[in-house]
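J.: heads up, no residue letters with this:
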């Protein structure tokens, strides 16, 4: 466990971001105390520009003066630093498979599902989103969580699928991740949102709904 | 060291691919014996389709029947499995910084430099390529290799910058990575190509030159 009086852990984030959520959730799962700072993208903080000069994006972790950007890099660092409740398998092959899914989530699955959510029902984007959800469901391979019986790094990385997608598909009137289409992945999403530590870290549904509904209206106005 | 009589290590690759080179170089640096199988993209092997169903791309590693796709996932697996000559720092923060650069190479730097190489001199693409090389040069931070005094995983991941770019810029008549523009990164590229194990694993320059020259001509014919 972290000896909290010796550690200074700060997170720069956005409350509505699933990437920020990855970091906050990991710190909670590890029992690490931290201070959270909400960023305003219209007026980025000096710390954000200083600590993430390449991307200038959240989340950023600052631990005893050492800063790190990129959510999965941060999650891995937290797992390497606070070694209780390990989030990756110890076996090198199982670990590599988890890393493959982490990479595939960020490179392929999340962009495809995000595009499907904002597709206005365009067939091609919806089809690619559904194909990505199918690939992800296969990765579950009969397990309760991607990490097995407990939450692992792939579960953390998939929080957008576990929570955000249901909100976005309701706003857009789409059927992407449903119990009929993806029974196993849907069941995982229920396990995910009902996990006590996860539940405590998720932004409130009604607040997220209102936030993305307003974004959706703004996008439609600006393309009308 | 690997007890070679007990291990079966196979690589599915393409000789001209810097991503395949990452895997081959890592196996050589670790002293792991392997069998190499050249893929024909016009007629992909059953093994490639079976072992990399998500991307159907090289490289793929098969180790005692366990298969892995994605070059950086494979390189990390090799480093975790054959623990001699470690390729990542042990310190969690230094390790996380290396992982940040690995991600940034694949997400941002290599695509920008690749686009610059094939830009026909379009200002915007060249500018983004040069900006990426500048970011990468800063990551060297006065060190001989990205890994410090010895080759590390970031050096391996940057082999496209260390070797391929010089060939492509000559074909296209561009000045991207030159001693005048990026003295430190250029010096690194010279250290890289002259490292004895790397030298032994790089595809011959004249063969690569002819291969990409033919690709360039074909692209120009098809867009003419």
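T.: On my side now, so go ahead. Source: prediction; values computed, not measured. Numbering: from 1, shown residues only, chains lettered A, B, ... in the order given.
J.: How is chain A partitioned into domains?
T.: With domains defined by automatic domain parsing, chain A comprises A:4-81, A:92-223.
J.: Tabulate these (a markdown table), appending mean pLDDT, mean neighbour count and distance to chain B.
T.: (Each C-beta comes from the backbone N, C-alpha and C, glycine too.) Shown next, in a markdown table, are the domains of chain A (pLDDT from 0 to 100; neighbours: other Cβ atoms under 10 Å in any protein chain shown; distance: least, Cβ to the nearest Cβ, whole Å):
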| stretch | mean pLDDT | mean neighbour count | distance to chain B |
| --- | --- | --- | --- |
| domain A:4-81 | 95 | 18 | 4 |
| domain A:92-223 | 94 | 17 | 4 |
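J.: would a markdown table of those with distance to residue B:34 be doable?
T.: As requested, those are exported to a markdown table (distance: least, Cβ to Cβ, whole Å):
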| stretch | distance to residue B:34 |
| --- | --- |
| domain A:4-81 | 27 |
| domain A:92-223 | 16 |
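J.: quick one: which of these is nearest residue B:23?
T.: Among these, the nearest to residue B:23 by Cβ to Cβ is domain A:92-223 (12.6 Å).
J.: wait, what's in contact with the closest residue to residue A:80 other than its chain neighbours?
T.: Of all residues not flanking residue A:80 in the chain, residue B:92 sits nearest, at 3.9 Å (Cβ to Cβ, 6 or more residues apart in numbering or on different chains). Contacts for residue B:92 (Cβ atoms under 8 Å, 6 or more residues apart in numbering or on different chains) come out as A:77, A:80, A:81.
J.: Turn these into JSON lines, including secondary structure.
T.: Formatted as JSON lines, the contacts of residue B:92 follow (DSSP: H, G, I helix; E, B strand; the rest coil):
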{"residue": "A:77", "secondary structure": "helix"}
{"residue": "A:80", "secondary structure": "helix"}
{"residue": "A:81", "secondary structure": "helix"}
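J.: Let me see the ranges of the strands in chain A.
T.: Counting by DSSP state E, one finds strands in chain A at the ranges A:9-13, A:35-38, A:60-63, A:66-69.
J.: Relative to residue A:78, how far out is residue A:152?
T.: Distance of residue A:152 to residue A:78, computed by Cβ to Cβ, to the nearest Å: 13 Å.
J.: Apart from its chain neighbours, what residue comes closest to residue A:36?
T.: Nearest residue to residue A:36, sequence neighbours excluded (Cβ to Cβ, 6+ apart): residue A:11, at 5.1 Å.
J.: Please verify my assumption that that neighbour contacts residue A:27.
T.: Yes: between residue A:11 and residue A:27 there is a contact at 7.2 Å, judged by Cβ atoms under 8 Å.
J.: Now do the shared contacts for those two.
T.: Joint contacts of residue A:11 and residue A:27 (Cβ under 8 Å, 6+ apart) are residue A:34.
J.: and stretch A:70-79, how far out from the chain's middle?
T.: Stretch A:70-79 has its average C-alpha position 12 Å from the chain's average C-alpha position, going by Cα atoms, centre = their mean, to the nearest Å.
J.: Ok, stretch A:154-162 next?
T.: Counting by Cα atoms, centre = their mean, stretch A:154-162 is centred 5 Å from the centre of its parent chain.
J.: Likewise for stretch A:10-27?
T.: 8 Å.
J.: residues making contact with that stretch?
T.: Residues from elsewhere that reach stretch A:10-27 (Cβ under 8 Å, 6+ apart): A:9, A:34-39, A:41, A:45, A:47-48, A:51, A:58-63, A:71-72, A:74-75, A:78-79, A:87, A:156-157, A:159-160, A:163-164, A:197-198, A:201-203, A:208, A:211-212.
J.: which one of the domains of chain A lies closest to residue B:132?
T.: Per Cβ to Cβ, nearest to residue B:132 of the domains of chain A: domain A:4-81, 9.8 Å.
J.: What are the phi and psi values at residue A:16?
T.: Phi and psi for residue A:16, reported as degrees, to the nearest 10, are phi -90, psi 0.
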